[in-house]
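J.: Let me see the structure of the following:
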Amino acid sequence: MADKSFNAFEMAQKQFDKVADLIGLDQATRNLLRNPLREYHFSIPVRMDDGSVKVFRGFRVQHNDARGPAKGGIRFHPQETVDTVRALAMWMTWKTAVADLPLGGGKGGVICDPHNLSSREQEQISRGWVRQVYKNVGPVADVPAPDVMTNAQHMLWMLDEFETLTGGHFPGFITGKPVGMGGSLGRTEATGYGLIFTVREAMKHLNMKIEDCVASVQGFGNVAQYAIEKFTQLGGKVICVSSWDQNDQTSYAFRRMDGIDLQELRGITDRFGGIDKEKAQQLGYEVLPGDQWIEQDVDVLLPCALENQITADNVNRISDRVKLVAEGANGPTTPEADTVLEKRGVFVIPDFLANAGGVTCSYFEQVQSNM
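T.: Residues are numbered from 1 along each chain as shown. This is a model prediction of the structure:
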């Protein structure tokens, strides 16, 4: 569940202030970059399958577009807040700049739980989101993409609605589309694979060999699964992975000391990345409380779920063996935890570099769609 005392935007601003002090950034530029250029808040009325009408809250935040169109995903999450969206938009600005892409930073969201929505209801939310902001987004202004609990199907619904409203063919409006509909080969794997490529390069710097390393992973969605795939392909071993259990409304960690079998776990996972714990036990996995992914005796930690996961409250539970943390999620490590990890000599690959493979591939899709 979300920590109601945690404010992702305040965390993002604290990170920004620290770096601004380090580089001696002038006050006017600080004032510009500490807050979004513009943001949109709106209501999305949807007729539900039972005939009732429910109103969902939606957001789109455009943090900065100095380098190019705002770029960032759309999240469907029951604990979504505008401050989380603001933080994620800010991090997208840094991410596209670090990757040297001609893009800015944006993010969108809807407060909803796709676990409890039919396909038709999700389609109506997707189309309703576009109806509210279509005049303020587009191929040269702001380009959305999939994110937490959204996928290629949601992007197609949104593209169809955008083209219906604008009366044209604009495949460059959105990325993360299916390959047959203008998407890019490799986009599905890009974030997870890119994460491990940054791990591989960091290990060279740290004189570590991936084939000698063991990892623990938080999350079992798109990023986590492809990170595990690439990590094991390169010779590493993953012994623990955590996932959210929708029925129990809590997370569990699944551990097998001789290494998890990715394909085996994929076979007992729902479309949101939730692993069936009874079937996992039958396959020989230990089922532990979800927060124990962070306590494992491993060399590498890969937080690939949500923000605010490595905090001042749990950072000291990290094993002394851990030498590397690679942020597959956005904002998983708080500034307070970062300070502790730095003092302990743990090398942290920040999110806006570690998971930039996804937006890099999205940019390729954007370019080909605008040709």
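J.: drop to CA atoms for contacts and neighbour counts, all remaining ones
T.: Noted.
J.: Can you give me the neighbour number for residue 26?
T.: Around residue 26 there are 10 other residues, counting by other C-alpha atoms under 10 Å.
J.: Repeat that for residue 227.
T.: Count around residue 227 with other C-alpha under 10 Å applied: 26.
J.: again with residue 243
T.: 27.
J.: And for residue 198?
T.: Residue 198 has 17 nearby residues by other C-alpha under 10 Å.
J.: Could you shift the numbering so residue one becomes 11, and keep it that way?
T.: Let's use 11 as the start, then, which means that last one is residue 208.
J.: Secondary structure element holding it?
T.: Assigned by DSSP states H and E, residue 208 belongs to helix 197-216.
J.: hmm, who's touching that helix?
T.: Helix 197-216 is contacted by residues 186, 219-220, 232-238, 240-241, 336-338, 359, 363-369, 371-372 when judged by C-alpha atoms under 8 Å, 6 or more residues apart in numbering.
J.: Emit the ChimeraX select command for whichever of the residues you listed are buried.
T.: Applying 16 or more other C-alpha atoms under 10 Å to those, the buried members can be selected in ChimeraX as follows:
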select :186,220,232,233,234,235,236,237,238,240,241,336,337,338,359,363,364,365,366,367,368,369,371,372
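J.: Keep only those of the contacts of helix 197-216 that are in helices.
T.: Judged by DSSP state H, the contacts of helix 197-216 include 232-238, 240-241, 363-364, 367-369, 371-372 as members of helices.
J.: Could you single out the nearest of these to residue 123?
T.: The closest of the ones in helices among the contacts of helix 197-216 to residue 123 turns out to be residue 232 (C-alpha to C-alpha; 17.8 Å).
J.: Can you name the residues that contact the closest one?
T.: If you count contacts by C-alpha under 8 Å, 6+ apart, then residue 232 has 198, 199, 202, 283 around it.
J.: Check the burial of residue 352 by counting its neighbours.
T.: 11.
J.: do you know how far the most centrally placed residue in the chain is from residue 263?
T.: The centroid of the chain falls nearest to residue 339 when counting by C-alpha atoms, centre = their mean (4.7 Å). Noted for residue 339: a distance of 17 Å to residue 263, by C-alpha to C-alpha, to the nearest Å.
J.: again with residue 278
T.: Counting by C-alpha to C-alpha, the gap from residue 278 to residue 263 is 14 Å.
J.: Neighbour count: those two, which is higher?
T.: residue 263 (25 against 15).
J.: Kindly spell out which helices and strands sit in contact with the longest strand seen in the chain.
T.: Using DSSP state E, we find that the single longest strand of the chain is strand 63-74. Helices and strands touching strand 63-74, by 3 or more C-alpha pairs under 8 Å, 6 or more residues apart in numbering; DSSP states H and E, are strand 48-57, strand 80-87, helix 92-108, strand 115-121, helix 129-143.
J.: Now the second one: average pLDDT?
T.: Averaged across strand 80-87, pLDDT comes to 98.
J.: C-alpha coordinates for that strand, PDB please?
T.: The C-alpha trace of strand 80-87 is given here as PDB (Å, rounded to 0.1, in the frame of the first residue of the first chain):
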ATOM      1  CA  ALA A  80       7.300  16.400 -23.400                       C
ATOM      2  CA  LYS A  81       7.700  12.600 -23.100                       C
ATOM      3  CA  GLY A  82       6.400  10.200 -20.500                       C
ATOM      4  CA  GLY A  83       4.100   7.400 -19.700                       C
ATOM      5  CA  ILE A  84       0.500   7.200 -18.400                       C
ATOM      6  CA  ARG A  85      -0.100   5.200 -15.200                       C
ATOM      7  CA  PHE A  86      -3.300   3.600 -14.100                       C
ATOM      8  CA  HIS A  87      -3.000   3.100 -10.300                       C
END
